[in-house]
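Asks: quick check, what structure comes out for this input:
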Amino acid sequence: MQSLQGKKAILTGGVQGLGLAMVKGLCEYGVEVCIIDYSNDVEKIAKDMQNEGFTVYGVRADLSNLEKIPEVFHIAVQLLGGELDILVNNAGIHKPMPAIDLPIEDFQKIIDVNVTAIFELSRLAYHEMLKKGAGKIVNIASVLAVQGGYNASAYSASKGAVAQLTKSLSNEWAKKGINVNAIAPGYYNTALNQFILEDESRYQSLISRIPAGRFGEPNELAGALQFLCSDKSNYINGILLPVDGGFLGR
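Replies: From the prediction side, this is the model:
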């Protein structure tokens, strides 16, 4: 992982859960990270990590406001000294409920944050990475990119789109030295899955289908990201890498 030392990364949705674990995972190997997050705590989190000796910046932004994305992106790049080597598109939203009850406005917002924002950020990153002739874009999808989920129509649709967008961008940009790949996390002990953790019958049903016999811990996702951002993955393009305790192989 020595190739990560001194790299500059933007990571969206990095204030808690899987996002924060991935920020820490990159920082451990010397990556400078700018977190873009909707939370009011983003600057505090960045400051806390600076106090731990890492180089981390925070930019608060609502990625559902698509028109503001270029401005936010360029602020992040400037904080990183005008360079960008890595983009991790992790930010995502979910509103679990039956499809028949989901307001169309909520469906559209989920698509905007989970897919359209990734498309726009990736295109912006492309121009920065092209200057160096190299770069790593890692999109965080989900096992629901493959499965339909339950009460997750918009979320599942968005993650399926992320998986296909990853392949399409990879087809176009691999020859430019830009690796575009995706990670499909399974079920983790995070706030996003709190509604599952509180539903004992559903929780036990899922556990019975995970060969590892448990939900994952956020730090267990970091290794896959470190690998896909390093030079060790230079010939890996367009994959959807499950990190799910074996869930999709069941």
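
Asks: now the longest helix along the chain: buried residues?
Replies: Scanning the chain for the helix with the most residues, using DSSP state H, yields helix 153-173. The neighbour-count criterion (16 or more other C-beta atoms under 10 Å) identifies 153-163, 165-166, 169-170, 173 as the buried residues of helix 153-173. For glycine as for every other residue, the C-beta is placed from the backbone atoms N, C-alpha and C.

Asks: looking at those, which is nearest residue 26?
Replies: When the buried residues of helix 153-173 are compared for distance to residue 26 (C-beta to C-beta), residue 166 comes out closest, at 19.1 Å.

Asks: and what about the closest residue to the closest one other than its chain neighbours, helix, strand or coil?
Replies: Once its chain neighbours are removed from consideration, residue 166 has its nearest residue in residue 182; the separation is 4.1 Å (C-beta to C-beta, 6 or more residues apart in numbering). Of the three states, residue 182 takes strand according to DSSP: H, G, I helix; E, B strand; the rest coil.

Asks: give me the neighbour count for residue 182.
Replies: As a burial measure, residue 182 scores 28 neighbours (other C-beta atoms under 10 Å).

Asks: what sits up against stretch 66-82?
Replies: Applying C-beta atoms under 8 Å, 6 or more residues apart in numbering, the set of residues contacting stretch 66-82 from outside is 8-10, 32, 34, 36, 57, 59, 61-63, 83-84, 112, 116-117, 120-121, 124-125, 128.

Asks: hmm, try it at 6 Å
Replies: With contacts defined as C-beta atoms under 6 Å, 6 or more residues apart in numbering, stretch 66-82 is touched by 8, 10, 32, 34, 36, 57, 59, 61, 84, 120, 124.

Asks: wait, the first one touches residue 87, no?
Replies: Spelled out, it's residue 8. No. With the criterion set as C-beta atoms under 6 Å, residue 8 and residue 87 do not qualify as a contacting pair; they are 10.0 Å apart.

Asks: which one's more surrounded, the two?
Replies: Set side by side, residue 8 and residue 87 show unequal neighbour counts under other C-beta under 10 Å, the larger going to residue 87 at 28 against 20.

Asks: ramachandran angles for the more buried one?
Replies: Recorded main-chain torsions at residue 87 are phi -120, psi 120, according to degrees, to the nearest 10.

Asks: other SSEs contacting the longest helix of the chain?
Replies: helix 104-111, strand 178-185 (3 or more C-beta pairs under 6 Å, 6 or more residues apart in numbering; DSSP states H and E).

Asks: for it, what is the average pLDDT?
Replies: The predicted model gives helix 153-173 an average pLDDT of 98.

Asks: and the angle from that helix to helix 104-111?
Replies: Helix 153-173 runs at 30 degrees relative to helix 104-111, counting by axes from the mean of the first three to the mean of the last three C-alpha atoms, to 10 degrees.

Asks: just the CA coordinates for helix 153-173, please, in CSV.
Replies: What follows is the C-alpha trace of helix 153-173 in CSV, where atoms were taken according to Å, rounded to 0.1, in the frame of the first residue of the first chain:
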residue,chain,number,x,y,z
SER,A,153,-37.4,0.0,-4.5
ALA,A,154,-35.6,3.3,-5.0
TYR,A,155,-32.5,2.3,-3.2
SER,A,156,-32.1,-1.0,-5.1
ALA,A,157,-32.8,0.7,-8.4
SER,A,158,-30.1,3.3,-7.6
LYS,A,159,-27.5,0.8,-6.6
GLY,A,160,-28.2,-1.3,-9.7
ALA,A,161,-27.6,1.8,-11.7
VAL,A,162,-24.3,2.5,-9.8
ALA,A,163,-23.0,-0.9,-10.8
GLN,A,164,-23.8,-0.4,-14.5
LEU,A,165,-22.5,3.2,-14.5
THR,A,166,-19.3,1.8,-13.0
LYS,A,167,-18.9,-0.6,-15.9
SER,A,168,-19.8,2.0,-18.5
LEU,A,169,-17.4,4.6,-17.2
SER,A,170,-14.7,2.0,-16.9
ASN,A,171,-15.2,1.0,-20.6
GLU,A,172,-14.6,4.7,-21.6
TRP,A,173,-11.8,5.7,-19.2
